[in-house]
Each structure stands twice: as C-alpha cells, then as structure tokens.
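[1] Got a predicted model here, sequence first, then my questions.
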Amino acid sequence: MKDITQSINSLHVEDIKNKEHSSYFFTTNEYSLLITRFFDLRDDSLIGISIPYVIFNDDSTYRYNRESEEFIPLAQNHTSLYESVEIELKKSEKLIMIYIDEIDKLEDDLYMRKLSPIFLDVWFDLKKDITRMERILERASVALSIYVKHYSEKDSFPHDGFVDVMEHIERYQRLSALNSSKLDTLYSYYNSLKSDKMNKNVYALTILSGIFLPLNLVVGFFGMNTENLYFSGNAFGTIFVTIILASLLLIFLAAIPLIEVIERLILRRLLGRFNLYNTLVEKIKKISLFNSE
C-alpha cells in the first residue's frame, strides 16, 4: 500500500479515496489513473460505486479495494481490468432492467386508470434514479473512451472486449434516456387524468347547483310576506307547494341522464366512423382481402 501510494500524486490519492468520485481518466509520465463509476442498490437507495485502477508504464495494474483500503494487484495486462469493468457493468445492466420493469408496470397501471395514491412518490423515485443512471453511464463512457484510445495501440490490449463494453454502455444509456422520457409522458398523462377528475367534480357541483337553485327560488317566492300570495288562504297550500317542488326535482333528475343519452347517441352517429378500432378493423379486412386475391 505504501509503495503504491508513494508512487502516486497526492491529489490522485485523494481522488482514489473519494467514494463519490465520478468516472475519470488521467495519465502521467509514470502511470495512468482510471476511475469507473457504476451503481448498485443498498439500503433502499441507488448509490454510485467508484472503482479506481492504477496502470503503471510496465502494464502492472492495481485495483483499489475500499473495504480493506488496499491496492489489489491484477494481472500484468489490460485483460484483467477489462474483466473487472465487465463484471461491474453487468451488475448495473441488471439493475437498469429492474427499473425498466417497474416503469412498465407503472405505465400499465396508469393506462388502466389504476391511480395509486402514492403515484407521485413512486414516479419521483424512478425519475431521480433513472436520470442518475443515465448521467453515470455517460461519464463512464467518456472516461473509458479516453482510456481505450490511449492504450489501444498495445498488442496485448483487449480492444474487441472494450468495444463490446462501450456498446453495452451506450445501449443502456439510450434505454435510460428513453425511459426517462417515458416517465415525463406518464407524468403529463397523470396530470391530465387528475384535471379530468377535477373537471368532473366541478361539473357535478354545477349540476347540483342547477337543480337546487330553482327550488330555492320557489321556496323564496312562497316565503315572501306579501298579501294575496298564491295558496296563502288555501288549506292545502303547503301540500301544493310541496308537490311543485317535488315535481321540479324529479324533472331535473330525469332530464340529466336523458341529456347524456342524447349526447352519446349524437356523438356516436357523428363520430362513430372515426373510431380508431373500426378504422383498424377495416384496414385489416382490406389487407386480408388483397392477400387472398
């Protein structure tokens, strides 16, 4: 440990011991420093894992172990470094696929109108972590690209292996970006559903106000303290007023669903030909008929 640290610049030693250091590659006259940062789940949260490698000019390679705080020697070639990076990358790839499955589940539930009361909490955690994954993969891609370019001329360098690693990083970086955009779409759709639900509530309150406003008007009219008021001298005046109020209430209650039925029939007749599924079925029939001929 002392021999290695004495051969390294003190600033680089600080970078190596920094658990939060992002992916990075730097070269000097005596050695090169490569830090790869991927991620894992620990204690119910996504964490970044920085793994430093020191490569000396004679190709002797060391990996820093944070638990023992020691440099572990690897084989005197870049193949062992490639294998180490590949192992960490595969762990991150599996984690990304788990996150993608959770996003797909959230999407299916939302499109089935299964609005969870904790939707925004789940959405925020997924959005935060998938965005962080995308950023970590982007920086790892840059650092490894510089590293590969620096050592690719060596005969023993596993160029094909690192090309495969770079392709995997770019692929999962694109997947992370795609699912981040999908989460933005889900958030917009969720807000649309909430707005639609609020509009329905306002509509219901408006209907109730429309029903009871005329009733209040009738009650207020017959409650005036004026002479010659209708039914004022009639022994059955209260019964007549009650019948009028009940009749108005029944008329309004019956008119609302009747209006909705008429509206649906009109919309179906006017817009039925633009129905998506009807259009698709017609196209399928045409294709089937053409193939049969």
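    Arrived safely, thanks for sending. Note that the coordinates shown come from a computational prediction; the quantities given were computed from them, not determined experimentally. Numbering: from 1, shown residues only.
[2] Where does pLDDT dip in the stretch 151-293 of the chain?
    In the predicted model of the stretch 151-293 of the chain, residues 211, 215, 221-235, 259, 262-281, 290-293 satisfy pLDDT under 70.
[3] Kindly report the domain assignment for the protein.
    Domains of the chain are assigned by automatic domain parsing as 2-195, 223-292.
[4] Go through those domains and pick out the most buried.
    Of all the domains of the chain, domain 2-195 has the most neighbours on average by mean count of other Cβ atoms under 10 Å, namely a mean of 16. Bear in mind the C-beta positions are built from the backbone N, C-alpha and C, glycine included.
[5] can you give me how far that domain is from the chain middle?
    Domain 2-195 sits 20 Å away from the centroid of its parent chain (Cα atoms, centre = their mean, to the nearest Å).
[6] still on that earlier bit, make JSON lines from the domains of the chain and add distance to residue 209 to it.
    JSON lines is the format used below for the domains of the chain (distance: least, Cβ to Cβ, whole Å):
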{"stretch": "domain 2-195", "distance to residue 209": "21"}
{"stretch": "domain 223-292", "distance to residue 209": "11"}
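[7] Can you say which of these is nearest to residue 217?
    Proximity to residue 217 (Cβ to Cβ) singles out domain 223-292 among those, at 9.7 Å.
[8] Just the strands from the protein, written as ranges.
    Along the chain, the segments classed as strands by DSSP state E run 24-27, 31-42, 45-56, 61-65, 70-73.
[9] mind listing the helices for this structure?
    When secondary structure is read from DSSP state H, the chain shows helices at 2-6, 10-17, 79-111, 119-151, 159-222, 237-271, 276-292.
[10] Please produce a markdown table containing those, extended by distance to residue 57.
    Output for the helices of the chain, formatted as a markdown table (distance: least, Cβ to Cβ, whole Å):
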| stretch | distance to residue 57 |
| --- | --- |
| helix 2-6 | 14 |
| helix 10-17 | 15 |
| helix 79-111 | 15 |
| helix 119-151 | 11 |
| helix 159-222 | 19 |
| helix 237-271 | 75 |
| helix 276-292 | 66 |
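[11] Quick check: end-to-end length of stretch 28-47?
    30 Å (Cα to Cα, to the nearest Å).
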